[in-house]
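# model this:
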Amino acid sequence: MITFFLQRASIASAFQQACRISARNGRRSIASSSSILHAKEGGSGGGRSSAAVADKDLLTKTSDKKGSSKQATTTTLLDTNPPKGTRDFYPPEMRLQSWLFEQWRQVAATYGFSEYDAPVLESESLYTRKAGEEVTQQLYNFEDKGGRNVALRPEMTPSLARMVMAKKGGLPLPLKWYSIPQCWRYERMTRGRRREHYQWNMDIWGVDGIEAEAELLSAMVTFFKNVGLTSDDVGIKVNSRNVIGEVLTELGVPEEKFAATCVLVDKLEKVPLDAIQGELEELGLERSMIEKLTDVLTNKSIESISAVLPDDSKAVQELTKLFELCKAYGIEDWIMFDASVVRGLAYYTGVVFEAFDRKGVLRAVAGGGRYDKLLETFGGDPTPAAGFGFGDAVIVELLKERNVLPSFEGSAFDSVVFAMSEDLYGVAIEVASKLRAAGQTVDLILENKKPKWVFKHASRNEARYCVIVAGNEYENGEVSVKDLSAGEQKAVKIDSLGDWATEVSSA
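Numbers count the residues shown, from 1 in each chain. Next up, the predicted model:
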């Protein structure tokens, strides 16, 4: 017991010294000193403790032989920037994100898709397919404390494949699923490209025909229309991996090298042929072969590509049918053939597509295609599948560029409620509760503020109404309601606030 009180006295003395040091140096050390005192008294009762708590020589380190305090150690200022390539989401950014996600969810629901999700942390082996893909070099990967090699997901499709395989054929096909995951890639940053982003994924599994791709393209166009973009703003380039496959077959390239070749060909948009010549030679491709292939990829119409492919070309047949279906959907103005579109992921097997900014200011807006053999790469059964990924960063930049992005600066409350005096605050709570129960979003002013401040606050947050609880009106069982857009003010009975809220919400 004596030891306990001595410990309390010693720690209290250290606490007082820390406070005096804090006062002289202008630092706020009291909170941390208080936590030391609390942790010492509480022992190891489940809370977090610092190294200082466990340090038995704490007092000798904070006092010299004469008992005077040493100068506090200089504190390193916190870097307030998020890690490079990542973002903070303050309320306006969160409102923008919520709006965008809701647009995606509405389109997905309209087309009969169901939402799913998966862990952001996956096994590294899920992404290392060893086909020369950039994504394998861009992983945020590490070994966890259990010795497992894991990675933050750079894309969602492999997670979807894992989930489908986990059910071992128990999922009824076809399935139409969508997700909005956060994805991570350590890559060079440009406008609209960060090291983390959210991505709208729409996938159809179990449909072997080109009808799946047409449905996905229609969903993508529907989103563009819903957010105010036209076919003059955005186009969607369409091609088929089978075009390249048929050319490579004619050149004598084995089928097992098709995927790796497509990955390299996709890089030609960013680097000259000489930069990847060595990798192409490792695949057994001579420069003349690649030059012939790239010559084929300059074709911009199905008619011109038909002239260089076999008469019974599967690629031409599927592309012709796809364009017919797009016409039936009424989206033909958005779609164009471009043989240069290859997409950089090895698992694509058929039609591939890429939405782009027609003004050429921004990089690819979205992309996708067919990937029938993905499950096979993980040891599963062949399953037809197609889908697309749609990043949040690029589309927001595009909407800003076209000046069609709504403003999200204000919170857009339905009503702001405040009491003119402290004795009426309880009434203001009652008023706010009635409006909330009626379905309104209500900001109740929690402090005693002047009307001028309240109206400015309401305007800044784009509130529709300001509900004022004042003495005279309250004596009559009423409140004053000001319509901030029309500038009109009227009295409403407190008992009728629910009816008023319903009336203005339907107006």
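
# what about the residue nearest to W177 when sequence neighbours are not counted, how many neighbours?
If the residues on either side of it in the chain are set aside, W177 comes closest to Y116, at 5.0 Å by Cβ to Cβ, 6 or more residues apart in numbering. C-beta here means a position set from N, CA and C on the backbone, and glycine is covered the same way. Neighbours of Y116 under the rule other Cβ atoms under 10 Å: 16.

# what residue ranges in the stretch 251-400 of the chain score low on pLDDT?
Along the stretch 251-400 of the chain, segments meeting pLDDT under 70 span 268-270, 344-345.

# same question, the chain
For the chain (pLDDT under 70), the answer is 1-73, 129-134, 192, 268-270, 344-345.

# 80 instead?
1-74, 129-135, 189-193, 248, 251-299, 342-347, 363, 506-507 (pLDDT under 80).

# List of residues touching stretch 392-403?
For stretch 392-403, contacts defined as Cβ atoms under 8 Å, 6 or more residues apart in numbering pick out 96-97, 100, 191-194, 197-200, 227-229, 233-234, 357, 359, 361-366, 405.

# try it again with 6 Å
192, 194, 197-198, 233, 357, 362, 365, 405 (Cβ atoms under 6 Å, 6 or more residues apart in numbering).

# now do stretch 293-308
Against stretch 293-308 from outside (Cβ under 6 Å, 6+ apart): 247, 316, 319, 337-340.

# Over to stretch 420-433?
417, 419, 442, 444, 448, 469-470, 474, 479.

# Excluding chain neighbours, what is closest to the residue nearest the centre of the chain?
The centre of the chain sits closest to Y198, judged by Cα atoms, centre = their mean, with a distance of 2.0 Å. Spatially, and ignoring its direct neighbours in sequence, Y198 is nearest to D392 (4.3 Å; Cβ to Cβ, 6+ apart).

# Tell me how many other residues crowd the one you found.
For D392, using other Cβ under 10 Å, the count is 21.

# Mind telling me what element H457 is part of?
Following DSSP states H and E, one finds H457 within helix 451-460.

# tilt between the following helix or strand past that helix and helix 451-460?
Counting by DSSP H and E, the next helix or strand C-terminal to helix 451-460 is strand 465-469. With axes from the mean of the first three to the mean of the last three Cα atoms, to 10 degrees defining the directions, strand 465-469 sits at 150 degrees from helix 451-460.

# Show me what strand 465-469 is packed up against.
With contacts taken as 3 or more Cβ pairs under 6 Å, 6 or more residues apart in numbering; DSSP states H and E, strand 465-469 sits against strand 415-419, helix 425-437, strand 478-483.

# Just name the most buried of the ones you listed.
strand 415-419 (a mean of 27; mean count of other Cβ atoms under 10 Å).

# how distant is that strand from the center of its chain?
34 Å (Cα atoms, centre = their mean, to the nearest Å).

# Adjacent strands (with direction) for it?
If you go by DSSP bridges, strand 415-419 pairs up with strand 442-444 (parallel), strand 465-469 (parallel).

# which residues touch the last one?
Around strand 465-469, the neighbours that count as contacts under Cβ under 6 Å, 6+ apart are 415-417, 419, 424, 427-428, 431, 458, 479-482.

# circling back: Throw the helices and strands packed on strand 465-469 into CSV and include distance to A491, thanks.
Below are the helices and strands packed on strand 465-469 laid out as CSV (distance: least, Cβ to Cβ, whole Å):
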stretch, distance to A491
strand 415-419, 15
helix 425-437, 13
strand 478-483, 4
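
# So the residue nearest to the centre of the chain is in contact with Q182, correct?
Yes - Y198 lies in contact with Q182 (Cβ atoms under 6 Å); the separation is 5.3 Å.
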